[in-house]
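K.L.:
Sequence unavailable; structure follows:
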DNA sequence: AACATATCTTGACAGTGTCAAGAATTGACC
DNA sequence: GGTCAATTCTTGACACTGTCAAGATATGTT
């Protein structure tokens, strides 16, 4: 009969395991609940093993956030694929998709834009570019929507894309922070935002 | 010659002093830098003296935030006073004022809408009502602007005010979180937001 | 003067992130 | 295989955090 083997000294892919476990913990109980020691326990490793794969706690958070932005980028690509319908509807699905993403993984989205990441320490360069790609993608699309005539071309596309993003971001944040107490009005708010941002 | 008196056992108005010192510390270095022990040192009092005036750290933060919402409320009243000009311009000054307030005391604004306050623990009842009054004020004004004809009356005033708030909030947040790296484009973004939200 | 109450202090505890030093494992080169 | 260096992981320790319990000190009331 086989005894349960002691865990091998070298964890197979500790970096990956830490990242996954940390994301789960963040999504379940928020950033505040993520302690490096609990994380190490969950993965079955010593308190400081983490420091051979991440510079410090912030570095770990940056890695999680970078993956968040990567999925957001994929989501945008999917919602904005030109073969999925008329541009008005594509914008609508994009808005609903963005807010859905932001409010479903609320804790992750909060972390993605948390002050801890972007100001307290300097974020990873990898993270910076990933996030910037996301916004560039949106600006492209705004130009396209202006060309399609569904968005007003009175505005500088850069400014208009910033305002668009701000609206979605603010909507998601107010929801996630618990300022709006229920989730029922979210779709109606999105629809109103869409109507405001598009030409009548 | 008068010796420097030892500090009196009873601090005159410790609650007030703690509140002020804490706000200063938050505004200077952010929430993360606010430790109850440093705060106590700054005020010249023991570590735990605070607990006779606030239930815990969160309670202290709630009190700071409540005062923040109070000044925001006053700011709105001032910007929206009917005798200060035509409604279009009043809306513009309101927007610029809001974003100015949010980005000037960036750390305070962040705290006002931080997850720590609104979700992690239940916020003070006093805070809840103060914040709600702020939003109610905005909704009143949106109705007024719709009546004045500068905002579209196609939308439910409740939804439209939520979208308006979201836009300003998102704009301020993205700025404060350091996603927009410089402060120069802020006014242009505000102007664009104003144009988007108002009838042409 | 005596007592109750509000206020403040010291001591302690469990928890945190992180550094230093050492042990265990792996891989490369001879 | 044997030797050496590098990578990976562990234990011990440190300063720091928020908060509780118990005691000291001042104020207010009767």
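P.N.:
Cool, the structure landed. Keep in mind that this is a model prediction, so the values were computed, not measured.
K.L.:
Skipping adjacent residues, who's closest to the residue of chain A found nearest chain B in space?
P.N.:
In chain A, no residue comes nearer to chain B than residue A:170, which is 2.7 Å away by CB to the nearest CB. For glycine as for every other residue, the C-beta is placed from the backbone atoms N, C-alpha and C. With CB to CB, 6 or more residues apart in numbering or on different chains as the criterion, residue A:170 has its nearest non-adjacent residue at 2.7 Å, and that residue is residue B:170.
K.L.:
what do you get for residue A:93?
P.N.:
Nearest residue to residue A:93 in three dimensions, chain neighbours excluded: residue A:79, at 5.1 Å (CB to CB, 6+ apart).
K.L.:
Enumerate every residue touching that neighbour.
P.N.:
Applying CB atoms under 8 Å, 6 or more residues apart in numbering or on different chains, we find residue A:79 in contact with A:90, A:93, A:94, A:97, A:98.
K.L.:
What does residue A:156 show for phi and psi?
P.N.:
The phi and psi values for residue A:156, taken as degrees, to the nearest 10, are phi -60, psi 120.
K.L.:
Then the one 10 residues further on?
P.N.:
In this entry, residue A:166 is assigned phi and psi values of phi -60, psi -40 (degrees, to the nearest 10).
K.L.:
What residues does chain A have near DNA strand D?
P.N.:
Contact residues, chain A versus DNA strand D (CB under 7 Å from any atom of the strand): A:9, A:10, A:11, A:14, A:40, A:45, A:46, A:47, A:48, A:49, A:52, A:53.
K.L.:
Could you tell me which of those count as buried?
P.N.:
A:11, A:14, A:40, A:45, A:53 (16 or more other CB atoms under 10 Å in any protein chain shown).
K.L.:
ok, the fourth one touching residue A:14?
P.N.:
So the one you mean is residue A:45. Yes - between residue A:45 and residue A:14 there is a contact at 6.6 Å, judged by CB atoms under 8 Å.
K.L.:
And the helices in chain A?
P.N.:
Secondary structure of chain A by DSSP state H: the helices cover A:14-29, A:36-43, A:57-80, A:87-104, A:106-112, A:115, A:125-148, A:157-176, A:186-197.
K.L.:
which one of those lies closest to residue B:60?
P.N.:
Proximity to residue B:60 (CB to CB) singles out helix A:115 among those, at 19.1 Å.
K.L.:
State the mean pLDDT of the closest one.
P.N.:
Helix A:115 comes out with an average pLDDT of 83.
K.L.:
Give the residue spans of chain A that score low on pLDDT.
P.N.:
Chain A contains residues with pLDDT under 70 at A:1-10, A:119-123.
K.L.:
Any idea which residue of chain A lies closest to DNA strand D?
P.N.:
Nearest residue of chain A to DNA strand D, counting by CB to the nearest atom of the strand: residue A:46, 2.6 Å away.
K.L.:
where's that residue relative to residue A:60, distance?
P.N.:
Relative to residue A:60, residue A:46 is positioned 15 Å away (CB to CB, to the nearest Å).
K.L.:
swap in residue A:192?
P.N.:
Separation of residue A:192 from residue A:60 (CB to CB): 38 Å.
K.L.:
Spit out the contact partners of the residue lying closest to residue A:152 once chain neighbours are set aside.
P.N.:
Once flanking residues are discounted, residue A:152 sits nearest to residue A:199: 5.8 Å by CB to CB, 6+ apart. Contacts for residue A:199 (CB under 8 Å, 6+ apart) come out as A:149, A:150, A:151, A:152.
K.L.:
Domains in chain A, by residue range?
P.N.:
The record's domain parsing of chain A by automatic domain parsing lists A:12-54, A:66-197.
K.L.:
looking at those domains, which is buried most?
P.N.:
Of all the domains of chain A, domain A:66-197 has the most neighbours on average by mean count of other CB atoms under 10 Å in any protein chain shown, namely a mean of 18.
K.L.:
ok, and does that one reach over to DNA strand C?
P.N.:
No - using CB under 7 Å from any atom of the strand, domain A:66-197 stays clear of DNA strand C, with a minimum separation of 8.6 Å.
K.L.:
got the end-to-end distance for that domain?
P.N.:
This stretch, domain A:66-197, spans 28 Å end to end (CA to CA, to the nearest Å).
K.L.:
For the residue nearest to residue A:189 when sequence neighbours are not counted, give me its contacts.
P.N.:
Excluding the flanking residues, the one nearest residue A:189 by CB to CB, 6+ apart is residue B:162, at 5.2 Å. Residue B:162 sits next to A:171, A:174, A:180, A:185, A:189, A:192 when contact means CB under 8 Å, 6+ apart.
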